[in-house]
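Undergrad: got a structure for you, letters missing:
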């Protein structure tokens with residue numbers, strides 16, 4: 001804002017209204033550059049000392065696994081699929097030793113009848129405040145856990161809606177994230193099938209199994225949160241926004257535990273793959 005204001009004033013002094021217009025434009029470029037540098041440095045996070053950053057990362061880490069455990073037990077018991085999903089999360093993050101034990105303990109605490117979902121999620125909301133991208137990723141991780149068995153039970157959906165509300169996200173945005181993850185899940189499966197060797201595909205055909213779904217434009221668009229009618233400009237805009245929201249370095253500077261960078265990286269890769277696929281169509 002200050003760049004535009006000062007640019008306009010100085011421009012008017014030296015070149016009247018034409019100078020003011022030019023000064024406003026140059027000021028806008030200055031403000032935009034300053035904002036990017038500010039966000040790259042983690043915004044106000046840059047003023048926090050390392051100890052405070054560590055505390056924020058520890059809270060995100062433990063709360064994330066605790067809420068995952070709570071959602072996993074929403075049907076009365078934790079299924080083997082949910083346990084495998086939590087284990088896969090830990091493997092993906094490369095958790096070993098004390099870090100893995102901490103994640104396991106947090107997951108178990110979430111299954112306890114004494115666990116307060118409201119308190120856990122509100123702590124995250126209070127600490128991360130306006131860190132919208134981090135709050136969104138927190139919810140996306142919970143959606144991924146709930147969807148680990150391929151479908152979303154009604155109890156799980158209700159809990160996710162409650163988490164979303166406690167985080168300050170709208171019901172509409174919750175549905176947007178849920179739809180986008182389901183598309184992401186299907187797109188990832190389709191890519192995995194597409195990478196199978198010709199021999200495997202021929203073998204499946206001989207066994208009369210249903211051929212795997214092929215990659216399609218509709219699913220790729222859904223990964224970007226778009227409808228089938230989206231044009232090139234909308235696609236590019238959605239892609240840039242999502243890549244910015246899931247940029248691993250930016251999220252870590254805001255308080256995402258370094259171990260969880262892999263989750264953000266994989267989401268970025270899915271977004272990138274969907275966008276690259278759409279560019280060829």
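TA: Looks like it came in fine. Everything numeric here is computed off the predicted structure, so don't read it as measured data. Numbering: from 1, shown residues only.

Undergrad: Quick check: phi and psi at residue 89.
TA: Dihedral angles of residue 89 (phi, psi; degrees, to the nearest 10) stand at phi -60, psi -50.

Undergrad: helix or strand right after the helix or strand of the chain with the lowest mean pLDDT?
TA: Least confident helix or strand of the chain, by mean pLDDT, DSSP states H and E, is helix 198-206 with a mean of 46. Next along the chain after helix 198-206, taking DSSP states H and E as the criterion, comes helix 217-223.

Undergrad: Show me what that next one is packed against.
TA: The contact analysis (3 or more CB pairs under 8 Å, 6 or more residues apart in numbering; DSSP states H and E) places helix 217-223 against helix 171-194, helix 261-279. All C-beta spots, glycine's among them, are computed from the backbone N, C-alpha and C.

Undergrad: List the buried residues of that helix.
TA: Neighbour counts over helix 217-223 (16 or more other CB atoms under 10 Å) mark 219-223 as buried.

Undergrad: I'd like to know how far the closest residue to residue 264 other than its chain neighbours sits from residue 135.
TA: Sequence neighbours aside, residue 248 is the residue nearest to residue 264 in space, at 4.2 Å (criterion: CB to CB, 6 or more residues apart in numbering). Counting by CB to CB, to the nearest Å, the gap from residue 248 to residue 135 is 16 Å.

Undergrad: For stretch 264-281, list every residue counted as buried.
TA: So stretch 264-281, judged by 16+ other CB under 10 Å, has buried residues 264, 266-268, 270-271, 273-275, 277-278.

Undergrad: do stretch 124-133 as well
TA: Residues 124-125, 127-128, 131, 133 are the ones in stretch 124-133 that count as buried (16+ other CB under 10 Å).

Undergrad: what stretches of the stretch 101-250 of the chain score poorly on pLDDT?
TA: Scanning the stretch 101-250 of the chain for pLDDT under 70 picks out the ranges 191-215.

Undergrad: Domain-wise, how is this structure divided?
TA: Here the domain parsing of the chain from automatic domain parsing is 1-32, 51-279.

Undergrad: Could I get the full set of strands for the chain?
TA: Per DSSP state E, the chain carries no strands over any range.

Undergrad: Would you map the helices across it?
TA: With DSSP state H as the criterion, the chain has helices at 2-40, 50-72, 80-92, 97-111, 117-128, 132-146, 154-166, 171-194, 198-206, 217-223, 232-245, 248-254, 261-279.

Undergrad: list the contacts for the residue nearest to residue 264?
TA: 256, 261, 264-265, 268 (CB atoms under 8 Å, 6 or more residues apart in numbering).

Undergrad: count of neighbours near residue 253?
TA: The tally of other residues near residue 253 (other CB atoms under 10 Å) stands at 17.

Undergrad: picking that back up, is it possible to export the buried residues of stretch 124-133 to CSV including distance to residue 60?
TA: Formatted as CSV, the buried residues of stretch 124-133 follow (distance: CB to CB, whole Å):
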residue, distance to residue 60
124, 7
125, 11
127, 8
128, 7
131, 10
133, 12
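
Undergrad: With respect to residue 90, which of these is nearest?
TA: Distance to residue 90 across the buried residues of stretch 124-133 (CB to CB) is lowest for residue 124, with 19.6 Å.

Undergrad: Assess the claim that the closest one and residue 136 are in contact.
TA: No: using CB atoms under 8 Å, residue 124 is not in contact with residue 136, being 11.8 Å away.

Undergrad: now, among the buried residues of helix 217-223, which is nearest to residue 140?
TA: Comparing the buried residues of helix 217-223 against residue 140 with CB to CB places residue 223 closest, at 12.6 Å.

Undergrad: tell me the contacts of that closest one?
TA: Residue 223 is in contact with 180, 183-184, 187, 270-271, 274, counting by CB under 8 Å, 6+ apart.

Undergrad: Nearest residue to it in space, please, no chain neighbours.
TA: Closest to residue 223 by CB to CB, 6+ apart is residue 274, at 3.9 Å.
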